[in-house]
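>>> Fold the following for me, if possible:
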Amino acid sequence: MPRAQKKKAAIYCRVSTLHQVDKDSLPMQRQDMINYAKYVLSIKDYEVFENAGYSGKNTDRPAFQEMMERIERGEFSHVLVWKIDRISRNLLDFATMYARCKKLGVTFVSKNEQFDTSTAMGEAMLKIILVFAELERNMTSERVASTMNARAAEGKWNGGRVPFAYAYDRETDSFSIRDDEAKVALELKDTYLRTHSLTYTARLLNGTGKRTRRGYAWTPATVAIILRSPFYRGTYRYNYRDESDVTFSFKAQNEWILCAKHHPPLFSEADCRQVDYWLDKNRRHHGKATHVQRKHVHIFAGLIQCGVCGSNYAVSVDRARASGYQPSMYNCGGRRQKGTCKNRYVNDITIGGFVFNYISNVIRLRTAFRPQWSLARIQRFLLQDENFREVASLSADTLRRVQSILLGYTVGTAEYQAGQDMRGHGNATAQAREANLRAELERKKRALSRLTHLFLYAEDEMHEADFLREKHSLQDDIASLQDDLAKAEQASVFASSMTDEEFLQKAARLLFQDAMGHGSIDFPGLALHVGKLELKNFINAVIEQIIVLDGRITQLTFRNGEVHTFLYA
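So this is what the prediction gives:
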């Protein structure tokens with residue numbers, strides 16, 4: 001925009017409280033700058049923009065925004081403020097505003113600091129002031145961080161989320177063990193030491209109804225957080241996360257503050273050494289997968305559950321077959337660890353032949369099905385393979401659910417269209433919820449960032465206790481939203497029916513759609529051709545649980561919640 005042809009000043013006034021009546025009051029600023037414009041700058045044409053009750057932490061103020069819009073339109077030749085901090089106490093905000101004015105040819109004048117950017121000296125003075133203003137803010141930030149670090153070094157709690165299994169007493173500034181949650185944490189630790197698997201541990205806790213403090217299901221990540229945290233070993237750790245951009249990344253270990261014997265430990269030193277050993281060993285194996293390790297990928301690990309005692313099946317490597325395929329062996333964890341369960345072992349040749357051929361039949365049934373088909377005909381189609389020779393029937397509930405789904409997918413029927421509409425509505429609802437969660441998460445992160453700036457730089461000092469309370473409340477909200485978003489994203493992956501296009505696309509990406517669409521699947525040959533890791537990824541995306549009794553599959557639970565039950569004579 002061109003600069004205004006005649007001199008016209010935009011006079012900007014701001015105070016941080018509505019009732020400020022001291023020397024910085026709005027009437028005083030207004031009159032002082034009007035006189036300055038008239039008698040010093042010789043500008044008789046001016047307009048005053050005022051903001052009362054707004055902090056200088058940012059430029060999100062109505063009058064200021066209106067002034068900038070009109071400056072962009074070329075209405076003013078000068079911007080006049082009483083002091084530079086009336087614009088903003090944030091260097092980036094002020095620098096952005098000043099650069100825009102300079103580009104438009106608008107002169108910036110600060111009456112109190114006595115500089116005028118139309119002169120070289122005035123612009124130089126402005127830059128010097130900005131440098132020292134930034135220095136002061138950084139020094140204030142460092143002093144606050146230093147104070148909190150000193151408190152932590154003395155063993156004083158700086159606030160935050162109280163770790164699971166512990167309670168905090170504000171009066172005595174001390175921690176004690178919560179018996180109810182401690183039982184869960186100890187079970188978590190003992191299960192991991194027995195199984196050496198974060199996934200198994202999470203599944204076993206969830207299977208017995210255990211939940212986190214917020215009521216969420218356990219995940220491998222939340223299990224790992226408790227196992228690795230020094231808090232359960234009696235050590236208070238502080239200053240180990242970089243929260244400058246609310247990404248919560250880790251700092252270098254030499255910056256951490258560690259206070260040993262800070263509170264009662266929950267885990268013994270001997271158990272902690274074993275936990276660390278297995279965590280480090282498993283991390284190396286997962287992080288650096290060698291050719292040998294890839295050969296021993298266990299396709300159904302973590303999915304098979306005992307139909308007798310409910311334990312998860314543990315896995316080992318079986319002997320190699322003549323074809324070159326080396327199957328995995330699955331044994332009941334209860335039988336393996338305690339010898340109390342008599343359920344038979346299975347290998348993945350048996351499991352794989354059954355599961356993959358059943359999935360193949362489900363996919364092909366969608367194309368072959370006709371609305372007039374009886375339940376008996378649907379059952380014959382699903383069980384047509386040598387792998388199902390011992391299966392007497394599918395449960396009546398399973399057959400009715402399959403028939404209902406298939407009728408919903410029959411092209412040309414009213415049920416199909418209604419089903420499509422409902423699915424579309426459901427997907428839209430899930431996507432909207434996900435979007436809302438993301439937006440709320442970003443809002444909370446921005447609020448945390450603004451709170452920190454307000455504490456460090458605002459005109460009106462915020463008490464440290466109030467700052468810490470608000471900060472930790474926002475951090476809790478952020479963590480909760482991140483959990484909700486992760487669940488929503490996971491649910492969206494498996495929201496569609498097991499017979500929909502997404503399911504077919506998953507199979508196609510694994511390059512075995514042709515095999516699944518024509519006749520019986522040779523599972524060992526498929527594993528050798530496609531690779532165990534690809535098959536494992538596919539199965540984990542489709543199957544939630546496999547229940548085995550007497551060496552035979554009695555139930556398949558799909559990720560979308562559908563349960564298929566197999567009956568034997």
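>>> By average pLDDT, which secondary structure element in the protein comes out worst?
helix 291-295 (a mean of 42; mean pLDDT, DSSP states H and E).
>>> And the next helix or strand past that one?
Sequence-wise, the next helix or strand downstream of helix 291-295 (DSSP states H and E) is strand 304-306.
>>> Listing partners with orientation, what would you give for the helix or strand following that following strand?
Following strand 304-306 in sequence order, the next helix or strand is strand 313-317 (DSSP H and E). Strand 313-317 sits in its sheet next to strand 328-332 (antiparallel), going by DSSP bridges.
>>> Check what contacts stretch 64-73 and list those residues.
If you take C-beta atoms under 8 Å, 6 or more residues apart in numbering as the criterion, stretch 64-73 is touched by 1, 10, 12, 14, 49, 51, 59, 76, 79, 87, 97, 100-101, 104, 106. Glycine gets a C-beta too; all of them are placed from N, C-alpha and C.
>>> and which of those is nearest Leu474?
The closest of these to Leu474 turns out to be Thr59 (C-beta to C-beta; 22.5 Å).
>>> Can I take it that that closest one is in a helix?
No: looking at Thr59 with DSSP: H, G, I helix; E, B strand; the rest coil, it is coil, so not inside a helix.
>>> Could you find the closest non-adjacent residue to it?
Closest residue to Thr59 apart from its sequence neighbours, by C-beta to C-beta, 6 or more residues apart in numbering: Asp93 at 4.8 Å.
>>> how about the helix or strand that that neighbour is a member of: buried residues?
In this assignment (DSSP H and E), Asp93 forms part of helix 91-104. Neighbour-count burial for helix 91-104 flags Leu91, Asp93, Phe94, Met97, Tyr98, Cys101, Leu104 (criterion: 16 or more other C-beta atoms under 10 Å).
>>> ok, now how distant is the third one from Arg86?
Phe94 sits 10 Å away from Arg86, going by C-beta to C-beta, to the nearest Å.
>>> And for the fifth one?
Distance of Tyr98 to Arg86, given as C-beta to C-beta: 13 Å.
>>> How many neighbouring residues does Ala252 have?
Counted with other C-beta atoms under 10 Å, the neighbours of Ala252 add up to 8.
>>> oh sorry, the question was meant for Glu66
Neighbour tally, Glu66, other C-beta under 10 Å: 13.
>>> My reading is that it lies in a helix. Confirm?
Yes: with three-state DSSP as the criterion, Glu66 is located in a helix.
>>> Look up the pLDDT of it for me, please.
Looking at Glu66, its pLDDT reads 91.
>>> and if you look at Asp173?
For Asp173, the pLDDT comes out at 84.
>>> Would you quantify the distance from the nearest residue to it once chain neighbours are set aside to Phe175?
Using C-beta to C-beta, 6+ apart and skipping the chain neighbours, the partner closest in space to Asp173 is Trp157 (5.9 Å). Distance, Trp157 to Phe175, by C-beta to C-beta: 8 Å.
>>> Repeat that for Asn540.
Per C-beta to C-beta, Asn540 is found 38 Å from Phe175.
>>> For those two, indicate the residue with more neighbours.
Phe175 (19 against 16).
>>> Spell out which helix or strand contains the more buried one, please.
According to DSSP H and E, Phe175 maps onto strand 174-177.
>>> A helix includes Gly334, no?
Yes: assessed by three-state DSSP, Gly334 belongs to a helix.
>>> That one and Leu204, how far apart?
Distance, Gly334 to Leu204, using C-beta to C-beta: 11 Å.
>>> go on, Glu142?
Look at Glu142 and Leu204: by C-beta to C-beta, they are 47 Å apart.
>>> the more surrounded of these two?
The residue with more neighbours, out of Glu142 and Leu204, is Leu204; 23 against 10, by other C-beta under 10 Å.
>>> and Glu50, which of the three is it?
Per three-state DSSP, the local secondary structure of Glu50 is strand.
>>> Helices of the stretch 251-400 of the chain, start to end?
269-287, 291-295, 333-337, 348-368, 375-382, 396-408 (DSSP state H, counting those that start in this stretch).
>>> can you list those in CSV and add mean neighbour count?
Formatted as CSV, the helices of the stretch 251-400 of the chain follow (neighbours: other C-beta atoms under 10 Å):
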stretch, mean neighbour count
helix 269-287, 12
helix 291-295, 9
helix 333-337, 19
helix 348-368, 20
helix 375-382, 16
helix 396-408, 17
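>>> Thank you kindly, that will do.
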